[in-house]
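Asks: pasting the structure only:
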Ligand code: NAP
């Protein structure tokens with residue numbers, strides 16, 4: 001894929017970038033090793049101070065960074081500004097709590113003193129997607145840099161300007177030279193980087209295919225890897241739910257970011273007693289959404305990020321209709337320049353259809369009718385994915401059952417799945433492994449070093465707890 005900015009609102013290529021040569025890549029890796037050493041030598045309080053500065057810089061450059069996201073992948077203007085704010089929140093969270101998460105943890109044993117120490121691993125390769133071009137990177141980089149690692153970012157090829165701007169934010173925040181660098185390289189060159197001994201670990205957010213490629217390379221080299229992959233999240237609606245709210249939030253959960261979110265609600269599993277009512281409410285809302293220019297504040301659904309994503313979505317919808325799905329709303333691409341698709345509601349998705357078995361990355365929802373909570377759970381879990389899940393009910397027994405039995409990295413009751421720096425984020429099954437965010441995410445890329453000190457050595461740590 002060419003490294004280029006293509007405006008999804010018009011389809012016009014705005015700027016292309018030459019990929020880094022092997023010599024440039026070599027120079028950046030050498031610099032990353034120095035960056036990792038400088039990072040490790042800084043006290044964590046200093047790294048935290050720089051992360052707090054990164055939050056301030058994001059605040060100052062909010063409009064400019066927001067505009068870049070809109071230009072490169074079509075994010076709605078207000079959503080782009082909110083994304084910059086969320087990144088600043090993430091930076092502040094780890095600036096405030098990072099030191100506590102990395103503090104030595106004394107453990108009572110037969111030793112004079114024993115503890116767990118958390119120490120940085122070195123240079124971490126981050127391979128990231130375009131759908132949240134800033135947040136995906138910050139949610140790894142904020143804890144990673146405060147923990148004392150260095151990072152090299154291979155961002156998606158359609159968001160090079162966002163990638164370079166992020167490097168600039170961390171440089172301006174005062175992180176050491178080489179602590180965070182953007183590599184302009186193609187996906188095919190990313191996995192090979194894991195063969196290089198200077199790369200200690202990798203994190204990838206992206207598709208299953210890219211996850212397999214990075215996961216295999218990490219396995220071959222026995223290196224730590226976190227994989228945040230795709231999802232086909234269920235959104236269960238039971239009779240006791242507030243139907244109007246469940247329809248409003250359900251549509252939002254499906255069409256936010258033009259439906260290009262790993263944790264978007266994708267399969268709407270609705271109890272038969274309320275199915276017709278819920279389907280009507282959703283169809284009405286989907287049809288009323290204003291699709292258009294992401295720079296226009298009245299727009300509710302912007303373009304898809306690329307022609308490829310639009311073509312893939314169009315193909316999925318056509319295959320569903322060919323296999324008997326009914327269209328309750330939308331169903332077609334828009335006849336205008338740029339990469340637009342109508343918000344779409346489909347029913348009757350049988351086994352083997354994209355609505356049931358694939359991830360649909362666009363504003364297309366599929367409705368399923370079930371008889372009871374048991375059937376809802378069975379259908380919800382009948383997927384290779386296990387990222388997010390939501391259930392709408394006010395019945396206490398059902399709340400308990402769904403939180404216990406939904407096979408997913410996260411379960412939201414009467415709400416929409418979203419990430420929050422305070423809570424771990426990630427999936428199971430083909431949605432990946434490992435976690436981001438919270439203390440757990442910060443500890444993914446550190447050595448949990450067990451320290452056991454016998455009699456005579458304990459003074460080394462006296463007064464440190
Ligand atoms: P993608 O095609 O897998 O791309 C993600 C990143 O991987 C890009 O930087 C891409 O580079 C790179 N890449 C592609 N093929 C690769 C390979 N063989 N080896 C190494 N790197 C490779 O995914 P996408 O289309 O950008 O993003 C959408 C997917 O990401 C969806 O499946 C979505 O669910 C998932 N996602 C998951 C999460 C989560 O937290 N679980 C969050 C957001 C998105 P190029 O751009 O140069 O190809």
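Replies: Thanks, I have it. Predicted model only: the values in this text are computed from it and were never measured.
Asks: Run through the residues that contact the nearest residue to residue 307 once chain neighbours are set aside.
Replies: In space, and not counting its chain neighbours, residue 307 is closest to residue 339: 5.7 Å by C-beta to C-beta, 6 or more residues apart in numbering. (Each C-beta comes from the backbone N, C-alpha and C, glycine too.) Contacts for residue 339 (C-beta atoms under 8 Å, 6 or more residues apart in numbering) come out as 8, 11, 74, 303-307, 309-310.
Asks: Taking the residues you listed, tell me the two that lie furthest apart.
Replies: 11 and 309 (12.6 Å; C-beta to C-beta).
Asks: Those two: which has the busier surroundings?
Replies: residue 309 (24 against 15; other C-beta atoms under 10 Å).
Asks: Excluding chain neighbours, what is closest to that one?
Replies: That would be residue 361: by C-beta to C-beta, 6+ apart, it lies 6.2 Å from residue 309.
Asks: do residue 256 as well
Replies: In space, residue 256 is closest to residue 264, 6.6 Å off (C-beta to C-beta, 6+ apart).
Asks: Distance of the one you found relative to residue 365?
Replies: From residue 264 across to residue 365, the span is 9 Å (C-beta to C-beta, to the nearest Å).
Asks: Kindly report the same for residue 131.
Replies: 17 Å.
Asks: quick one: which of the two has more around it?
Replies: Between residue 131 and residue 365, residue 365 has the larger neighbour count (other C-beta under 10 Å), namely 29 against 23.
Asks: Can you get me a residue count around the residue lying closest to the more buried one once chain neighbours are set aside?
Replies: Using C-beta to C-beta, 6+ apart and skipping the chain neighbours, the partner closest in space to residue 365 is residue 254 (4.5 Å). Residues near residue 254, counting by other C-beta under 10 Å, number 29.
Asks: all helices for the stretch 301-450 of the chain, in order.
Replies: According to DSSP state H, counting those that start in this stretch, the stretch 301-450 of the chain carries its helices in the segments 307-322, 354-357, 373-381, 396-405, 438-442.
Asks: before we move on, the earlier item: so for the residue nearest to residue 307, what's the pLDDT?
Replies: At residue 339 the predicted local confidence, pLDDT, stands at 98.
Asks: re the thing from before, before we move on, what SS does the residue nearest to residue 365 have?
Replies: Secondary structure, DSSP: H, G, I helix; E, B strand; the rest coil: residue 254 is helix.
Asks: for it, what are its contacts?
Replies: Taking C-beta under 8 Å, 6+ apart, we find residue 254 in contact with 235, 264-266, 268, 343, 363-365.
Asks: how about a cut-off of 10 Å?
Replies: 233, 235, 261, 264-268, 282, 285-286, 343-345, 360, 362-366, 416 (C-beta atoms under 10 Å, 6 or more residues apart in numbering).
Asks: try residue 179
Replies: Taking C-beta under 10 Å, 6+ apart as the test, what residue 179 contacts is 31-32, 34-36, 38-39, 42, 47, 50, 123, 141, 144-145, 148-151, 167, 170-171, 173.
Asks: before we move on, back to that, just give the number of residues close to the residue nearest to residue 256.
Replies: 30.
Asks: Now it: phi and psi?
Replies: Phi and psi for residue 264, reported as degrees, to the nearest 10, are phi -70, psi 150.
Asks: neighbours around the nearest residue to residue 429 once chain neighbours are set aside, how many?
Replies: For residue 429, ignoring the flanking residues on the chain, the nearest one in space by C-beta to C-beta, 6+ apart is residue 386 at 3.8 Å. Neighbour count of residue 386, defined by other C-beta under 10 Å: 23.
Asks: so residue 386 sits right up against residue 263, yeah?
Replies: No - contact status for residue 386 versus residue 263: not in contact, 11.6 Å apart, counting by C-beta atoms under 10 Å.
Asks: can you list the residues of this protein near the ligand?
Replies: Applying C-beta under 6 Å from any ligand atom, we find that the chain lies next to the ligand at 1, 127-131, 136, 154-157, 186-187, 190-191, 205-207, 210, 213-214, 228-231, 262, 359, 361, 387, 427, 431-432.
Asks: now, which of those lie within strands?
Replies: 127, 154, 205, 228, 432 (DSSP state E).
Asks: contacting residues for the second one?
Replies: Right, residue 154. Taking C-beta under 10 Å, 6+ apart, we find residue 154 in contact with 125-128, 163, 182-187, 189-191, 193, 202, 204, 214.
Asks: Quick check: it vs residue 234, distance?
Replies: Residue 154 is 32 Å from residue 234, by C-beta to C-beta.
Asks: Same check on the fourth one?
Replies: When C-beta to C-beta is applied, the distance between residue 228 and residue 234 equals 19 Å.
Asks: In terms of pLDDT, where does residue 327 sit?
Replies: With respect to pLDDT, residue 327 has a value of 98.
Asks: quick one: stretch 100-116 to chain centroid distance?
Replies: 33 Å (C-alpha atoms, centre = their mean, to the nearest Å).
Asks: for stretch 14-21, that is, sorry about that
Replies: That offset, for stretch 14-21, works out to 25 Å (C-alpha atoms, centre = their mean).
Asks: Stretch 188-204 too?
Replies: For stretch 188-204, the distance to the chain centre is 20 Å (C-alpha atoms, centre = their mean).
Asks: List the buried residues of that stretch.
Replies: Neighbour counts over stretch 188-204 (16 or more other C-beta atoms under 10 Å) mark 190-191, 193-194, 198-204 as buried.
Asks: what's next to stretch 208-215, contact-wise?
Replies: 125, 127, 129, 154, 156, 187-188, 190-194, 202-207, 223, 225-230, 359, 384-385, 430-433.
Asks: pLDDT below threshold where in this protein?
Replies: Along the chain, the parts satisfying pLDDT under 70 run over 463-465.
Asks: Just want the most central residue of it.
Replies: residue 136 (5.0 Å; C-alpha atoms, centre = their mean).
Asks: doesn't residue 260 make contact with that one?
Replies: No - Residue 136 lies out of contact with residue 260 (C-beta under 10 Å); the separation is 11.9 Å.
Asks: Contacts only, for the spatially closest residue to residue 302 that is not a sequence neighbour.
Replies: Distances taken as C-beta to C-beta, 6+ apart place residue 294 nearest to residue 302, at 3.5 Å, with adjacent residues excluded. For residue 294, the contact set (C-beta under 10 Å, 6+ apart) comprises 7-9, 69-71, 73-80, 258, 301-303, 338.
Asks: Same check on residue 155?
Replies: Per C-beta under 10 Å, 6+ apart, neighbours of residue 155: 3, 126-130, 133, 136-137, 161-164, 166-167, 182-185.
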